[in-house]
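# Model the structure of this input:
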Amino acid sequence: MEEDKKNEESDELKQLDPKKHLVHRVFRKYKEEELIELKRKGVKKPFYLAFPRKTKEFLSKFKHYIGVIVILIFLILIGYLVAFIYSPPPPTASFIDTLSRKNIYGYVYFDGDLVGDTDGIEFKDFPIEYCNETHFVRLESEKDAFEWQTYPIDCKSKKVIFYVDHTQVQPSIYLVFKFLDSTGSFYIPGNLYFDDVFVQKVKGTVSILRKECKNITKIKLEHEDIYDIWDNKVDLCDSYDEIELKSSLK
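Numbers count the residues shown, from 1 in each chain. Here you go, the predicted structure:
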């Protein structure tokens, strides 16, 4: 039987080009000798010969699970995409006095960060994080401050009202520096320094704690390769809710 196979194989090889026949024989001989030598030494097949087969066997065992995992990952990604597209925007807010029903102006803080100022009628600058979980909103108006807790359910309505109850008043703890041009018409952005120590980049305003204000001697704003320097008037730190600093440059 084996001789018949060899004879058939030799007949087929004879029909091939002699050069190809020679290459085929040499390659087959080399491959057989290599495997015999590895087997004799007790060495396993090289990984590049065994890996494709083992990989195929492994994948065949878990192919059903892999399909399920791929589908789950796809559904999760679709869910995140839909949630991002259809997530409600933060609501606008009004700040109204509970007694006089008048709108209260001031600076608005979100979890301790200044997010803008308001006339009390319609504030639109809450960050998107408003809708994720509970947060704290604070209104600093002159020397008074008021604070509320927010909830994600607020985002289901387009507008929320924060009622200013003077029985719940708190002392103001923040002070705002406003950096303006020489005419006082435009805000100046730049790099802010307190006593030659870099603080942060600002877009024209910055909020600091009043107690920190009392420890500052010099205020410097660097913008467009030039800078302005002001002496800090410590006596104003507790007297005002905002201090305007105008540029001396024309």
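
# buried set for stretch 143-163?
For stretch 143-163, a neighbour-count test (16 or more other CB atoms under 10 Å) marks 144, 145, 146, 148, 150, 154, 155, 160, 162 as buried. All C-beta spots, glycine's among them, are computed from the backbone N, C-alpha and C.

# tell me the SS of the most centrally placed residue in the chain?
The centroid of the chain falls nearest to residue 129 when counting by CA atoms, centre = their mean (11.1 Å). When classified by DSSP: H, G, I helix; E, B strand; the rest coil, residue 129 comes out as helix.

# What of residue 73?
helix.

# and it, how far is that from residue 224?
Taking CB to CB, to the nearest Å as the measure, residue 73 falls 49 Å from residue 224.

# do the same with residue 127
Taken as CB to CB, the span from residue 127 to residue 224 is 29 Å.

# Next: residue 166.
45 Å.

# Also residue 122?
Counting by CB to CB, the gap from residue 122 to residue 224 is 34 Å.

# List the contacts of residue 91.
Counting by CB atoms under 8 Å, 6 or more residues apart in numbering, residue 91 touches 126, 130, 154, 155, 157, 158, 159, 160.

# all helices of this protein, in order?
2-15, 18-41, 47-86, 210-213 (DSSP state H).

# now the first one: mean pLDDT?
Right, helix 2-15. For helix 2-15, mean pLDDT is 52.

# For stretch 189-200, buried residues please.
For stretch 189-200, a neighbour-count test (16+ other CB under 10 Å) marks 190, 192, 193, 194 as buried.

# ok, the second one to residue 200 distance?
The gap separating residue 192 from residue 200 is 6 Å, by CB to CB.

# Common neighbours of the two, please.
In contact with both residue 192 and residue 200: residue 206, using CB under 8 Å, 6+ apart.

# one step back: mind checking which of residue 122 and residue 224 has more residues around it?
Set side by side, residue 122 and residue 224 show more neighbours around residue 122, with 12 against 9, by other CB atoms under 10 Å.

# For the nearest residue to that one once chain neighbours are set aside, give me the pLDDT.
Leaving aside its chain neighbours, residue 122 sits nearest to residue 92 (5.2 Å; criterion: CB to CB, 6 or more residues apart in numbering). Listed pLDDT for residue 92 reads 94.
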